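Student: Quick one, what's the 3D model for this:
(chains A and B)
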Amino acid sequence: MKILLLVEYKKLHRSKLIFLLVFVLMMTLGVVFLQGQFSFGGKKYIDTFGWYILQVHSLTTYFVLPSLIALFGGYIICREEQEDVLKSLKLIPVDESRMITAKMIITLLGSIFIYLILFIVSLIIEAVLHLNAVNMSEVIHYFVVYVLTGIGVFMAISPIIAFVGLVKRSYWIALIIAEIYSFIGIFLASKEVVRAIYPISSVFVLSGLYETSVMELMISIIVNISCCFISYRILKKMRVRKN
Amino acid sequence: MLNLVKVEFLKLKRKKIVSMMFLATLLMPMLATIYFGNIDLSDNAMKYFKWTIFSYNLWLILPIILGIFSTMIVSVEYENDTFKTLWIVPIQKMKLLISKFIMMLIFTLVFMSLSILVTLFWGKLIHHIEIDYLLCIYLIRKCFEISGLLSVSMFPILSIAFLTKKYILPICLTIIYAFSGFLILTVNMYAHPLSSTTAIVVRDIPGIVLNQDINIVYSLLCIGGWVVVFTIVIKLLLKRREW
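Tutor: Numbering: from 1, shown residues only, chains lettered A, B, ... in the order given. Next up is the predicted model:
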């Protein structure tokens, strides 16, 4: 497994995908920063400490990141088949199920990495704008929120990535499905209990961004684990089909 | 040109995913039903239309779908390696780009018409809204307005898709483009084509107030400026490019 993970890392190292993702993240951060310039009641949004770090988290999670992570996962799963190297890999022979597990782990790490980049950049911007207001407990709280969201988003979209792996065609389908999937979360986030049931909004419950009851937290944990289980079943089906 | 558009139609006929994209027209009416719950909308049809047609559908859902659609109709040529054949025929590169743009315009028109039909049907069935002759005329006019403006606003993405061989760059840019248009609307509606499109469309919708005064000339200049810049850039790049 260690070798497979290293191989995936090296493949990504050569690919421009990481640079593209970083570019997209920077653009997203810039757009949210621009929105912060909008004044309400004579005061700019961005002048309030915590606004930027919070908006970056929620806006990107609802509108941008699930689809990008799904695209990333779909791409690394489909690329062997699309670039016609799968036959060569089978000749080595590489266990395909282990290879897909390695790809899923890389997607999880990528998801956490993306959220960490967002956290670091938004924290730097907050520190530059409101150095005196920054306190350690809030920084740690947001760090935990961002990392848990990275894990949660991966869990929530893992069935989509697995589905794309199953059909092995046009990885950008993952993007459309994930975009609609995350977008619906906006409307369900305001409804108690329902927000814990719907995977994308349950990520917010799980990460500790909302003040929720223990029951909601338990539901969101079950929902996210169920998503992982669904993706496991899809991947298992794929292996059976291959055999 | 007419032949080129006809050929594009024939190519699309083979793609099942295109018809699946129209399912997105169901999304907003369904979400509106969740959002409004038991609220009686029978005497407030415009409130319902603002939600289902003139909000997220306009500034987020349709731009993303159009971005993916335009990427798809261009990338299929790279995938099947048909561009070489097209240049041998020979077909002018700009003419081919315009034919793809016309396809995008037709797609938007069909999407918007379907969206209005679904909204009217759903509204009548679930919310018991009153539909009169004037309302239908108003919706048809808006459908044409949105189709024309949105297709032109998505021209930069079509141009980028025309220059890149893979899906990932134009699709990632589509997300950023739609997301930034949605957020920049609150900051400066004359900076982004999608923000300007929204400004023009919502100018005569009762009950919508934007934080800036809507100036149609500035909005059209913004959209036109972006299209001119991208036309010049693509013309230069296509001239220099060896296929």
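
Student: what about the strands in chain A?
Tutor: For chain A, applying DSSP state E gives strands covering A:39-40, A:43-44.

Student: any residue of the last one up close to chain B?
Tutor: No: applying Cβ under 8 Å from any Cβ of the partner chain, one finds strand A:43-44 out of contact with chain B, separated by at least 10.4 Å. For the C-beta atoms, the positions are set from N, CA and C on the backbone; glycine is no exception.

Student: circling back: quick one, which of the strands of chain A gets closest to residue B:20.
Tutor: strand A:39-40 (40.1 Å; Cβ to Cβ).

Student: Quick check: mean pLDDT of that closest one?
Tutor: If you average the pLDDT over strand A:39-40, you get 72.

Student: Check stretch B:128-142 too.
Tutor: 85.

Student: Output it as CSV, nothing but the C-alphas.
Tutor: Provided in CSV are the C-alpha atoms of stretch B:128-142 (Å, rounded to 0.1, in the frame of the first residue of the first chain):
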residue,chain,number,x,y,z
HIS,B,128,-51.9,26.7,-7.1
ILE,B,129,-50.5,29.9,-8.6
GLU,B,130,-52.6,31.9,-11.1
ILE,B,131,-51.2,32.1,-14.6
ASP,B,132,-52.4,34.8,-17.0
TYR,B,133,-51.6,35.9,-20.5
LEU,B,134,-49.5,38.8,-19.4
LEU,B,135,-47.4,36.7,-17.1
CYS,B,136,-46.7,34.2,-19.9
ILE,B,137,-45.6,37.0,-22.2
TYR,B,138,-43.3,38.3,-19.5
LEU,B,139,-41.8,34.9,-18.9
ILE,B,140,-41.2,34.3,-22.6
ARG,B,141,-39.5,37.7,-22.9
LYS,B,142,-37.3,36.9,-19.9
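
Student: Give me the local confidence score for residue 171.
Tutor: Since no chain was named, I'll use chain A. Taking residue A:171 on its own, its pLDDT is 70.

Student: wait, I meant chain B there
Tutor: pLDDT at residue B:171 comes out at 86.

Student: Tell me if it really is in a helix.
Tutor: Yes: checked against DSSP: H, G, I helix; E, B strand; the rest coil, residue B:171 lies within a helix.

Student: Can you report how many residues neighbour residue A:121?
Tutor: Look at residue A:121: counted by other Cβ atoms under 10 Å in any protein chain shown, it has 19 neighbours.

Student: Kindly report the same for the one 10 residues further on.
Tutor: Using other Cβ under 10 Å, the number of residues around residue A:131 comes to 9.

Student: JSON lines please, covering the strands of chain A and showing mean neighbour count.
Tutor: Below are those laid out as JSON lines (neighbours: other Cβ atoms under 10 Å in any protein chain shown):
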{"stretch": "strand A:39-40", "mean neighbour count": "12"}
{"stretch": "strand A:43-44", "mean neighbour count": "11"}
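
Student: With chain A as the reference, measure out to residue B:108.
Tutor: 17 Å (Cβ to the nearest Cβ, to the nearest Å).

Student: My read is that that residue contacts residue B:66, right?
Tutor: Yes: Residue B:108 is within contact range of residue B:66, at 6.3 Å (criterion: Cβ atoms under 8 Å).

Student: which neighbours do the two share?
Tutor: B:150-151 (Cβ atoms under 8 Å, 6 or more residues apart in numbering or on different chains).

Student: same question for the helix ranked longest in chain B, mean pLDDT?
Tutor: Longest helix of chain B, by residue count under DSSP state H: helix B:93-122. Per-region confidence: helix B:93-122 scores 89 on mean pLDDT.

Student: mind listing what the residue located most distally from the centre of chain A touches?
Tutor: Residue farthest from the centre of chain A, counting by Cα atoms, centre = their mean, is residue A:42 at 35.2 Å. For residue A:42, the contact set (Cβ under 8 Å, 6+ apart) is empty.

Student: could you check the distance from residue B:10 over to residue B:150?
Tutor: For residue B:10, the distance to residue B:150 (Cβ to Cβ, to the nearest Å) stands at 25 Å.

Student: swap in residue B:47?
Tutor: From residue B:47 to residue B:150 the distance is 23 Å (Cβ to Cβ).

Student: For chain A, which residues score under the pLDDT cut-off?
Tutor: Scanning chain A with the threshold set as pLDDT under 70 gives A:168-170, A:239-243.

Student: give me the number of residues near residue 228?
Tutor: Using chain A. So residue A:228, with other Cβ under 10 Å, has 16 neighbours.

Student: other chain: chain B
Tutor: Residue B:228 has 11 nearby residues by other Cβ under 10 Å.

Student: quick revisit: which of residue B:10 and residue B:150 has more neighbours?
Tutor: Taking neighbours as other Cβ under 10 Å, residue B:10 and residue B:150 compare with residue B:150 leading, 26 against 9.

Student: Is the more buried one within a helix or a strand, and which one?
Tutor: helix B:133-153 (DSSP states H and E).

Student: for that helix, which positions count as buried?
Tutor: In terms of neighbour count (16 or more other Cβ atoms under 10 Å in any protein chain shown), helix B:133-153 has its buried residues at B:139, B:142-143, B:145-147, B:149-153.

Student: Can you check what angle separates it from helix B:93-122?
Tutor: Using axes from the mean of the first three to the mean of the last three Cα atoms, to 10 degrees, the inter-axis angle of helix B:133-153 relative to helix B:93-122 is 150 degrees.

Student: Residue numbers of chain A in contact with chain B?
Tutor: A:17, A:20-21, A:23-24, A:27-28, A:31-32, A:34-35, A:37-38, A:59, A:63-64, A:67-68, A:71, A:75, A:170-173, A:175-176, A:179-180, A:183-184, A:187-188.

Student: which ones are touching residue 208?
Tutor: Since no chain was named, I'll use chain A. Contacts of residue A:208 (Cβ under 8 Å, 6+ apart): A:141, A:144-145, A:148.

Student: wait, chain B
Tutor: Counting by Cβ under 8 Å, 6+ apart, residue B:208 has contacts B:50, B:54, B:202.

Student: the helices in chain B, which residues?
Tutor: Under DSSP H, chain B gives helices at B:2-13, B:16-21, B:27-36, B:45-52, B:56, B:62-79, B:83-88, B:93-122, B:133-153, B:155-163, B:168-184, B:193-202, B:216-240.

Student: so which of these is the most packed in?
Tutor: helix B:193-202 (a mean of 26; mean count of other Cβ atoms under 10 Å in any protein chain shown).

Student: so how far is it from its chain's centroid?
Tutor: 12 Å (Cα atoms, centre = their mean, to the nearest Å).

Student: what does stretch B:111-124 give?
Tutor: The answer for stretch B:111-124 is 16 Å, by Cα atoms, centre = their mean.

Student: does chain A sit close to it?
Tutor: No: Stretch B:111-124 lies out of reach of chain A by Cβ under 8 Å from any Cβ, never closer than 13.8 Å.
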